[in-house]
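Asks: give me a 3D structure for the following:
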Amino acid sequence: MRVLGSLVLYLSLGVTSALAGSNCKVNVVFRHAPKPVSHFDRVLAKAEAGDRLGQLQAGVAFETGSGTEQNYAEAVKWYRKAADLGEPGAQNNLGGMYLRGLGVPQDDGEALRWYLRAAGEGYLPAMNNVGFMNASGRGTRANDEEAVRWYRRAAAKAYAPAQANLAFMYAEGRSVPIDGEQAVQWYHKAAAQNYAPAEYKLGLLYYHGVVISRNLSEALRLFRQAAEHGSAAAENEIAHLYEHGEGVPQNFETASKWYQLAAEHGLPEARKNLEILSARILHASGATDAMSTSSGSASPGEGFVGGRVPQ
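Replies: The predicted structure follows:
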């Protein structure tokens, strides 16, 4: 079982991260990783005094449980106050709360309304999110042409998630002709910012070799970069390459290590893959032992799928 997925779009929150469910796979990213909220009492005092940045920070603190107890309803309250004062980051994050149904009833239409308000202020994560809503048909009728338009606007401003999403649209030929060169170009722009999802998806393009020439060494290099930048899916792919000896010598021990890392980082498929590989190794060991008992010796690798003893 591998994490490939034909539709992986990146939804952006301004200052926080979570996972949104939908009829397609959605990875949620943040523009800047949220920093622990220190001196929460001071932040709350600023928020209560009407400071919109303080209100945004209070919303983040309550959503993430940073500096205070996690409370989605309180997060929504403070996001809304800041959003009503015109703070685009809060408008975007409030949209994210509606999209995921955190602290409010789930409502795609309301999510899109807030994303559009923030996008109208030129807020890049919100532009990307409006593109996502159009691409996935959430809160509006699916419209890939409109999605590409929004992705392109944010991508032109060097916003990595939008660059990755635009690359995906070129790779899949959604409202634009399939164009491997354009896909690689946009993925590279995002990867140059150490954006792990782009590194991972570009690695998959090189692995499959459908819209660009297959290059396993380049795929592995990109998977390693993505893994260094926090992609569990990339760790899973590295393990797959070592398990099956694709582009590298087959090595079950190394494969197990990478599957274990991906599993520890929360990827369910990696746990399953690790179980399958462990059973495979056990079965192969049993077959080798049986052959050794019956013949007195065994050639290296006999009994192992792929013909190599784990190193």
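Asks: need the helix or strand of the chain with the lowest average pLDDT.
Replies: None of the helices or strands of the chain scores lower by mean pLDDT, DSSP states H and E than strand 25-30, at a mean of 48.
Asks: ok, so what distance separates residue 118 from residue 145?
Replies: Computed as C-beta to C-beta, to the nearest Å, the residue 118 to residue 145 distance reads 22 Å. Every residue, glycine included, has its C-beta placed from N, CA and C.
Asks: one more: residue 240?
Replies: According to C-beta to C-beta, residue 240 stands 35 Å off from residue 145.
Asks: and those two? Which one has more around it.
Replies: Just comparing residue 240 and residue 145: by other C-beta atoms under 10 Å the higher neighbour count belongs to residue 240, 21 against 11.
Asks: hmm, that one is touching residue 273, no?
Replies: Yes: with contact defined as C-beta atoms under 8 Å, residue 240 counts as touching residue 273 (7.4 Å).
Asks: leaving aside the residues next to it on the chain, what's closest to residue 221?
Replies: Nearest non-adjacent residue to residue 221, counting by C-beta to C-beta, 6 or more residues apart in numbering: residue 203, 7.8 Å away.
Asks: let's see whatever helix or strand that neighbour lives in as PDB, backbone CA atoms only.
Replies: Secondary structure assignment for residue 203, by DSSP states H and E: helix 196-208. Written as PDB, here are the backbone C-alpha positions of helix 196-208 (Å, rounded to 0.1, in the frame of the first residue of the first chain):
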ATOM      1  CA  ALA A 196       8.100  19.200   1.500                       C
ATOM      2  CA  PRO A 197       4.800  18.400  -0.300                       C
ATOM      3  CA  ALA A 198       6.300  19.800  -3.600                       C
ATOM      4  CA  GLU A 199       9.500  17.800  -3.100                       C
ATOM      5  CA  TYR A 200       7.500  14.700  -2.500                       C
ATOM      6  CA  LYS A 201       5.100  15.200  -5.500                       C
ATOM      7  CA  LEU A 202       8.000  16.000  -7.800                       C
ATOM      8  CA  GLY A 203       9.700  12.800  -6.600                       C
ATOM      9  CA  LEU A 204       6.600  10.900  -7.600                       C
ATOM     10  CA  LEU A 205       6.600  12.400 -11.100                       C
ATOM     11  CA  TYR A 206      10.200  11.200 -11.600                       C
ATOM     12  CA  TYR A 207       9.300   7.800 -10.100                       C
ATOM     13  CA  HIS A 208       6.300   7.100 -12.300                       C
END
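Asks: distance from the chain centre to it, please.
Replies: 12 Å (C-alpha atoms, centre = their mean, to the nearest Å).
Asks: for stretch 94-104, same thing?
Replies: 19 Å.
Asks: for stretch 81-89, same thing?
Replies: Put simply, stretch 81-89 sits 27 Å off its chain's centre (C-alpha atoms, centre = their mean).
Asks: thinking again about what came up before, ok, and what's touching the helix holding residue 203?
Replies: Here helix 196-208 makes contact (C-beta atoms under 8 Å, 6 or more residues apart in numbering) with 4, 8, 10, 27, 29, 160-161, 163-164, 167-168, 171, 180, 183-184, 187-188, 190-191, 211-212, 214-216, 218-223, 225-227, 229-231, 233-234, 237.
Asks: please indicate which of the residues you listed are buried?
Replies: Among those, the ones that count as buried by 16 or more other C-beta atoms under 10 Å are 8, 10, 27, 29, 160-161, 163-164, 167-168, 171, 183-184, 187, 190-191, 211-212, 215, 218-220, 222-223, 225-227, 229, 231, 233-234, 237.
Asks: where does pLDDT dip in this protein?
Replies: For the chain, the stretches with pLDDT under 70 are 1-38, 287-311.
Asks: per-domain residue ranges of it.
Replies: Domain segmentation of the chain under automatic domain parsing yields 9-142, 253-311.
Asks: winner for burial among those domains?
Replies: Of the domains of the chain, the one with the most neighbours on average (mean count of other C-beta atoms under 10 Å) is domain 9-142, at a mean of 20.
Asks: so how far is that one from its chain's centroid?
Replies: For domain 9-142, the distance from its own C-alpha centre to the chain's C-alpha centre is 18 Å (C-alpha atoms, centre = their mean).
Asks: swap in stretch 141-154?
Replies: 19 Å.
Asks: just use 43 as the starting number from now, easier for me
Replies: From this message on, residue numbering opens at 43, which makes the last subject stretch 183-196.
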